[in-house]
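Participant: just coords:
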């Protein structure tokens, strides 16, 4: 990925450090997706336990990202970032040494905790390192590195499985983590200290974590009685969390930003809806290609690369454009293109050609690539520098919650339309209807996201600040 010519030596070191981190995490995640069948065989995991290999990681990241965002504002973004990088390195080694499913799930949770520190600081570090006039391009390059990692993960994971075993997929990011730590300690200058104020909201943090764990656990046990009970407790805890946070002077989740800062609030909600619409897209395409088209995993993976690869190409372009043009127009245009791609996927028939699939994936990739960097720039430009860590943590929370909701849509639709039966040729017709329902539901979710994006207000007013 090219380093901008205008960047100073310090800016270049910061960019490379964050790039490597932003690339290696999705690289590991997508590589593990390929390794899940091997993990199930090696550790004798059933389907429910296997689904938790990724879910527990995502849950831990969502639970802790707000806390790390606040700590980054209080004690320094680079410090929290490096703690997260070191923790990911150690927890990845422990996960790779797991002897059974319980150990693997425990260490995957630990991986998610430390990855939350990275999610909460990556964009904040880049935003602080670059002036407003050049910030969008730097953010776009950072986001692009995420998509490059998502693109490379399945191919690298497949190779590691052939040469080694599933444990190698958990170690694939270690060289990058070591390089990140070296750059952070030796090349990136020290921060003067935390720029935030107040203190960590311990009660709110604990309440938020409990609510999220209860809702996720309850959803996993549905339709059993314990599932509904946990879900009700979790929703009640979330309502109490909102009430408590609105009364605190220094809350862990600053709801005042949502209610008093229109650009910030609407941009975060738009991000939540877009991740809800798009995150599970590749999972659905994988099912379509391997079941309805009978493609082997390797060939299916090549087709599935179309979306993240297109995202990686368009994110830096959109980031550079957002430095010159109003981000809401670029992000909104991206949402429209994404919805068109999702409708095209919903129109797939069992005998549709691969060009139809690839074209629709390219459309969703272009759309999300146009949306992500301008929307992130709008969010970070809507807050003061001392709030970057908190804002970044809330943005990451919206992303993670959107990802969880995206997978939740699949679970609900499949449960209603397919039931608890194996996927065999006898139910392929119902599978096709379920896939189509998921895609059209995702396209419908884009509609309110477009409205929120258009209504958010102007970012390029004065020196990158928003206007109502």
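Facilitator: Yep, that arrived. It should be emphasised that the depicted structure is a prediction, and the values quoted were computed from it without experimental measurement.

Participant: quick check: buried residues in the helix or strand where residue 59 lies?
Facilitator: Under the criterion of DSSP states H and E, residue 59 resides in helix 47-75. Within helix 47-75, the residues that qualify as buried are 49-50, 52-75, counting by 16 or more other Cβ atoms under 10 Å. Quick note: C-beta positions are derived from backbone N, CA and C, even for glycine.

Participant: verify the stated contact: residue 34 with residue 152.
Facilitator: No. Residue 34 lies out of contact with residue 152 (Cβ atoms under 8 Å); the separation is 11.6 Å.

Participant: biggest helix in this protein by residues?
Facilitator: For the chain, the longest helix by residue count, based on DSSP state H, is helix 9-43.

Participant: quick one: the closest residue to residue 98 other than its chain neighbours from residue 39, how far?
Facilitator: Distances taken as Cβ to Cβ, 6 or more residues apart in numbering put residue 104 closest to residue 98, at 3.9 Å, once the chain neighbours are dropped. Per Cβ to Cβ, to the nearest Å, residue 104 is found 7 Å from residue 39.

Participant: hey, what's in contact with both of the two?
Facilitator: Residues touching both residue 104 and residue 39 by Cβ atoms under 8 Å, 6 or more residues apart in numbering: residue 53.

Participant: out of those two, which sits in the busier spot?
Facilitator: residue 104 (25 against 22; other Cβ atoms under 10 Å).

Participant: in a helix, that one, correct?
Facilitator: Yes. Counting by DSSP: H, G, I helix; E, B strand; the rest coil, residue 104 is found in a helix.

Participant: picking up where we left off before, what's the residue nearest to residue 98 in contact with, if anything?
Facilitator: Counting by Cβ under 8 Å, 6+ apart, residue 104 has contacts 39, 43, 53, 95, 98.

Participant: any idea how this structure splits into domains?
Facilitator: Domain assignment for the chain by automatic domain parsing gives 9-185, 202-253, 256-468.

Participant: could you export those as JSON lines, including mean pLDDT?
Facilitator: Converted to JSON lines, the domains of the chain look like this (pLDDT from 0 to 100):
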{"stretch": "domain 9-185", "mean pLDDT": "84"}
{"stretch": "domain 202-253", "mean pLDDT": "83"}
{"stretch": "domain 256-468", "mean pLDDT": "79"}
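
Participant: contacts only, for residue 125.
Facilitator: With Cβ under 8 Å, 6+ apart, residue 125 has these contacts: 14, 17-18, 77-78, 81.

Participant: for it, pull up the helix or strand it's in.
Facilitator: Residue 125 is part of helix 122-129 when elements are defined by DSSP H and E.

Participant: could you report the neighbour count for residue 142?
Facilitator: Neighbour number of residue 142 under other Cβ under 10 Å is 26.

Participant: residue 173 now?
Facilitator: Quick note: residue 173 (other Cβ under 10 Å) scores 28 neighbours.

Participant: from residue 283, how far off is it?
Facilitator: 21 Å.

Participant: now swap in residue 245 and tell me
Facilitator: 33 Å.

Participant: same deal with residue 238?
Facilitator: Applying Cβ to Cβ to residue 238 and residue 283 gives a distance of 26 Å.

Participant: before we move on, what about residue 433?
Facilitator: 17 Å.

Participant: circling back to that earlier point, any chance of the contacts of residue 104 in a markdown table, plus distance to residue 310?
Facilitator: Formatted as a markdown table, these follow (distance: Cβ to Cβ, whole Å):
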| residue | distance to residue 310 |
| --- | --- |
| 39 | 29 |
| 43 | 35 |
| 53 | 28 |
| 95 | 31 |
| 98 | 35 |
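
Participant: which one of these is nearest residue 253?
Facilitator: Closest to residue 253 out of the contacts of residue 104 is residue 53 (27.9 Å), distances taken as Cβ to Cβ.

Participant: list the contacts of the closest one.
Facilitator: Contacts of residue 53 (Cβ under 8 Å, 6+ apart): 32, 36, 39, 45, 104-105, 108.

Participant: now do 10 Å
Facilitator: 32-33, 35-36, 39-40, 43, 45, 95, 101, 104-105, 108 (Cβ atoms under 10 Å, 6 or more residues apart in numbering).

Participant: and what of residue 62?
Facilitator: Counting by Cβ under 10 Å, 6+ apart, residue 62 has contacts 112, 116, 119, 208-209, 212-213, 216, 396-401, 403-404.

Participant: swap in residue 440?
Facilitator: 342-343, 345-347.

Participant: residue 215 too?
Facilitator: 59, 230-235, 237-238, 401, 404, 408.

Participant: buried ones in stretch 216-226?
Facilitator: 216-220.

Participant: quick one: the longest helix of the chain to helix 47-75, angle?
Facilitator: Angle of helix 9-43 versus helix 47-75, following axes from the mean of the first three to the mean of the last three Cα atoms, to 10 degrees, is 160 degrees.

Participant: can you report how many residues lie near residue 254?
Facilitator: Neighbour tally, residue 254, other Cβ under 10 Å: 26.

Participant: please apply the same query to residue 199.
Facilitator: Residue 199 has 10 nearby residues by other Cβ under 10 Å.

Participant: same deal with residue 244?
Facilitator: 17.

Participant: now residue 100
Facilitator: With other Cβ under 10 Å as criterion, residue 100 counts 11.

Participant: now do residue 426
Facilitator: 9.

Participant: same check on the one 4 residues further on?
Facilitator: By the other Cβ under 10 Å criterion, the neighbourhood of residue 430 contains 15 residues.

Participant: equivalent analysis for residue 9, please.
Facilitator: With other Cβ under 10 Å as criterion, residue 9 counts 8.

Participant: tell me who's in contact with it.
Facilitator: Per Cβ under 10 Å, 6+ apart, neighbours of residue 9: residue 187.

Participant: measure it to residue 16 for me?
Facilitator: Residue 9 sits 11 Å away from residue 16, going by Cβ to Cβ.

Participant: do residue 39 as well
Facilitator: Taken as Cβ to Cβ, the span from residue 39 to residue 16 is 32 Å.

Participant: now residue 122
Facilitator: 13 Å.

Participant: comparing those two, which residue is more hemmed in?
Facilitator: Set residue 122 next to residue 16 and count neighbours by other Cβ under 10 Å: residue 122 wins out with 26 against 18.

Participant: show me what contacts the more buried one?
Facilitator: Applying Cβ under 10 Å, 6+ apart, the residues near residue 122 are 17-19, 21-22, 25, 77, 81, 84, 139, 142-143, 145-146, 392, 396.

Participant: re the thing from before, can you tell me which of the contacts of residue 53 lies closest to residue 177?
Facilitator: residue 95 (13.2 Å).

Participant: okay, and that closest one sits in which element?
Facilitator: With DSSP H and E as criterion, residue 95 is part of helix 77-96.
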